[in-house]
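[1] Pasted the sequence and its predicted model underneath.
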Amino acid sequence: MKFKVVGGGPAGLYFAYLMKRSHPNYSVRVVEQNPSDATYGFGVVLSARALSFLEGGDSEAIARLTRRMETWGEQHIVHKGVRVVVDGSTYFAIQRLALLQELQKLCNEAGVDLEFGHRINSSVGGEDCDVLVAADGTNSAIRDSHTLAFDTRVMDLQNYYAWYGVEKPYDAHTLTFAQRDGDILCGHHYRFTPTMSTFVAEVDAKSWLSTGMSTMTDDERKRLFEDVFSDALGGNPLISNQSMWRRWRLVKNGRWYYRNIVLIGDAQRSAHPSIGSGTRLAMEDSIALWRAFKEEGTDVEAAFRRYERERRPVRDKLNRAAERSIDWYENMPEKMDLSPYDFAYDYLLRTGLMTSERLEQDSPKFMEHYRKNVDVVKAL
Ligand SMILES: Cc1cc2nc3c(=O)[nH]c(=O)nc-3n(C[C@H](O)[C@H](O)[C@H](O)COP(=O)(O)OP(=O)(O)OC[C@H]3O[C@@H](n4cnc5c(N)ncnc54)[C@H](O)[C@@H]3O)c2cc1C
C-alpha cells in the first residue's frame, strides 16, 4: 500500500514510523513544508499518564524520547504572590525540535521517505496514493480543500496568548497569575532542557484591551510581560521565536475521513494547551489510525471507520474537558478574589476530569494544606 502523510509534526511522524515499522513492504512518505531543523515554539509538556498512553504505539520509541526529557513531580500555582504546591503528579517536557528530530530519526531507521521543504496546497494530487493522511496541523490545507465533506467548524477563542522561551530552568510546572491595575495576566512556565523553559503568556479579552495590548506591537507586549513577571522570570528577558500574539483557533470536524483522506492530530481537532495534551492527543490519533490498519488490512474504508469509531469517544471526553478549561481561563477575572488555596483547588477541578476524591489520593499534601487554609478562612 502507498501512504502519503502531509505534515511532519508529532502526529504525521509517529504515524509514519508505526506504519512503516509494522509493514516494511508499504510505501510511507511524509511531506513537510519546513526544513527538518525548523519549528515554532519551544518545549511541550506531557504528563506521565500521557506518556504511558503513547507507549501503546511503540514503547521503545517512547523510551528514546523520554531519555531526552526533563521531569519533575509537582505543579506550582502562584496567585496573589503565594506559591501553592500541588504534589503527586509527574510531568515530562521536551524541546519540540528535539521531539521532532528523534521522531525523524525513528522514521529514517524504519525506512520512511521524508521530504522537507515541500508545501502541499490542497488534496489535489492525493490520487497518487492509497491513503492521504492529513497531519498538517490546525490550518490544514488538505482538510480545507473539503470543508463541507469534513463538516469543518472553526472558532477563535477569546483570550490572547504567545509562546515564548526563557533562559531559566523552573523546578516545576508553574502557573503564575498576576494582577495589575485590575488587569489579569497569566504565565505558564516549565523547564524543557536543563537551562531553558517555555513561557506561555496569556491574557483575557478584557485585559487585552485595558492593558492597551490590543494596540501594542509584539515587542511592546513582550516588554509588558517581562516587566509584570520580572520576579518569576528572575529578571531574564523572554525569548521570541516568531512568537506572535493571537487567539486560540478551535477547529472541529464532524467527519474524520472522506474518500482516501483521513484527518489526524490538530488537523482533526486542535487541542487547547491549558490541558497540556495537544502533542499527546495528536500522537494517540496516530496510534489509533495505525491500529485500525493493522486490524483491517488493506480495506481503507473499514480502517477509517474503525479509527473514527474507536477514537472518537476518547477524543470527545478530552474535548469536553478542554472546553471547560477554556471556559475557566476566559473567566479568570471572576476567580481572582479567591484565596490562593481556594483558587488552586478551583483550578485543579476545572476540567471535570479531576475530582476532590482523586485529589485526596493523588495530592495528599496539597489537600492537607487546602483544608487547613479553608478552616483558617472560615475562622476569620
Ligand atoms: C502555545 C502552545 C502551547 C502548546 N503547549 C503544548 C504542551 O505543553 N503540550 C502539548 O502536548 N502540546 C502543546 N501544544 C500543542 C501542540 O503543539 C500541538 O497540539 C501538536 O503539535 C499537534 O501535532 P500535529 O502533528 O497534529 O500538528 P503540528 O505540530 O502543527 O504539525 C503539523 C506539521 O505540518 C506541517 N504543515 C502544515 N501545513 C502543511 C502543508 N500544507 N504542506 C506540508 N506541510 C505542512 C507544519 O509545518 C507542521 O510541521 C501547544 C501549542 C501551542 C500553540
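    Received the coordinates, thanks.
[2] which bits of the protein sit near the ligand?
    6-12, 31-34, 44-46, 119-120, 135-137, 141, 161, 163, 200, 265-266, 271, 273, 276-280, 282 (CB under 6 Å from any ligand atom). Heads up, the C-betas are built off the backbone N, CA and C, glycines and all.
[3] Of those residues, which belong to helices?
    Cross-referencing the residues of the chain next to the ligand with the helices (criterion: DSSP state H) gives 10, 11, 12, 141, 278, 279, 280, 282 as the overlap.
[4] Least confident of the residues you listed?
    In terms of pLDDT, the weakest of those is residue 278, which scores 89.
[5] For that one, the count of nearby residues, please.
    For residue 278, the tally of surrounding residues (other CB atoms under 10 Å) stands at 22.
[6] Tell me who's in contact with the closest residue to it other than its chain neighbours.
    The spatially closest residue to residue 278, leaving aside those adjacent along the chain, is residue 271, at 3.9 Å (CB to CB, 6 or more residues apart in numbering). Contacts of residue 271 were listed using CB atoms under 8 Å, 6 or more residues apart in numbering, and they are 277, 278, 281, 282, 318, 319, 322.
[7] can you pull out the strands in the stretch 151-300 of the chain?
    Listed from the start of the chain, the stretch 151-300 of the chain has strands (DSSP state E, counting those that start in this stretch) covering 152-166, 173-180, 183-191, 197-203, 238-239, 246-253, 257-258, 261-263.
[8] What of the stretch 1-150 of the chain?
    Assigned by DSSP E, counting those that start in this stretch, the stretch 1-150 of the chain shows strands spanning 2-6, 27-31, 43-47, 70-79, 82-95, 113-115, 131-134.
[9] most packed of those?
    Of the strands of the stretch 1-150 of the chain, the one with the most neighbours on average (mean count of other CB atoms under 10 Å) is strand 131-134, at a mean of 27.
[10] ok, residues contacting that strand?
    Outside of strand 131-134, the residues that reach it under the criterion CB under 8 Å, 6+ apart are 1-7, 12, 15, 123, 126, 140, 142-143, 260-264, 267-268, 289, 300.
[11] Quick check, the residue in the stretch 1-150 of the chain closest to the ligand?
    In the stretch 1-150 of the chain, no residue comes nearer to the ligand than residue 9, which is 2.0 Å away by CB to the nearest ligand atom.
[12] Export stretch 190-205 to PDB, keeping only CA atoms.
    What follows is the C-alpha trace of stretch 190-205 in PDB, where atoms were taken according to Å, rounded to 0.1, in the frame of the first residue of the first chain:
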ATOM      1  CA  TYR A 190       8.100  24.900  32.700                       C
ATOM      2  CA  ARG A 191      11.600  23.700  32.000                       C
ATOM      3  CA  PHE A 192      12.300  21.700  28.900                       C
ATOM      4  CA  THR A 193      16.100  21.500  28.900                       C
ATOM      5  CA  PRO A 194      18.400  21.800  32.000                       C
ATOM      6  CA  THR A 195      18.800  25.500  31.200                       C
ATOM      7  CA  MET A 196      15.700  26.600  29.300                       C
ATOM      8  CA  SER A 197      12.000  26.900  29.900                       C
ATOM      9  CA  THR A 198       8.800  27.500  27.900                       C
ATOM     10  CA  PHE A 199       6.800  30.600  29.000                       C
ATOM     11  CA  VAL A 200       3.300  30.800  27.500                       C
ATOM     12  CA  ALA A 201       1.900  34.200  28.100                       C
ATOM     13  CA  GLU A 202      -1.900  34.700  28.200                       C
ATOM     14  CA  VAL A 203      -4.400  37.500  28.900                       C
ATOM     15  CA  ASP A 204      -8.200  37.500  28.900                       C
ATOM     16  CA  ALA A 205     -10.100  39.500  26.300                       C
END
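[13] Buried residues, that stretch. List them.
    Counting neighbours by 16 or more other CB atoms under 10 Å, one finds that the buried residues in stretch 190-205 are 190-193, 196-204.
[14] Switch those residues over to JSON lines; also include distance to residue 59 and pLDDT.
    Putting the buried residues of stretch 190-205 into JSON lines (distance: CB to CB, whole Å; pLDDT from 0 to 100) gives the following:
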{"residue": "190", "distance to residue 59": "24", "pLDDT": "94"}
{"residue": "191", "distance to residue 59": "25", "pLDDT": "95"}
{"residue": "192", "distance to residue 59": "22", "pLDDT": "95"}
{"residue": "193", "distance to residue 59": "24", "pLDDT": "95"}
{"residue": "196", "distance to residue 59": "27", "pLDDT": "96"}
{"residue": "197", "distance to residue 59": "28", "pLDDT": "97"}
{"residue": "198", "distance to residue 59": "26", "pLDDT": "95"}
{"residue": "199", "distance to residue 59": "32", "pLDDT": "96"}
{"residue": "200", "distance to residue 59": "30", "pLDDT": "94"}
{"residue": "201", "distance to residue 59": "35", "pLDDT": "96"}
{"residue": "202", "distance to residue 59": "34", "pLDDT": "96"}
{"residue": "203", "distance to residue 59": "40", "pLDDT": "96"}
{"residue": "204", "distance to residue 59": "41", "pLDDT": "95"}
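[15] Lovely, talk soon.
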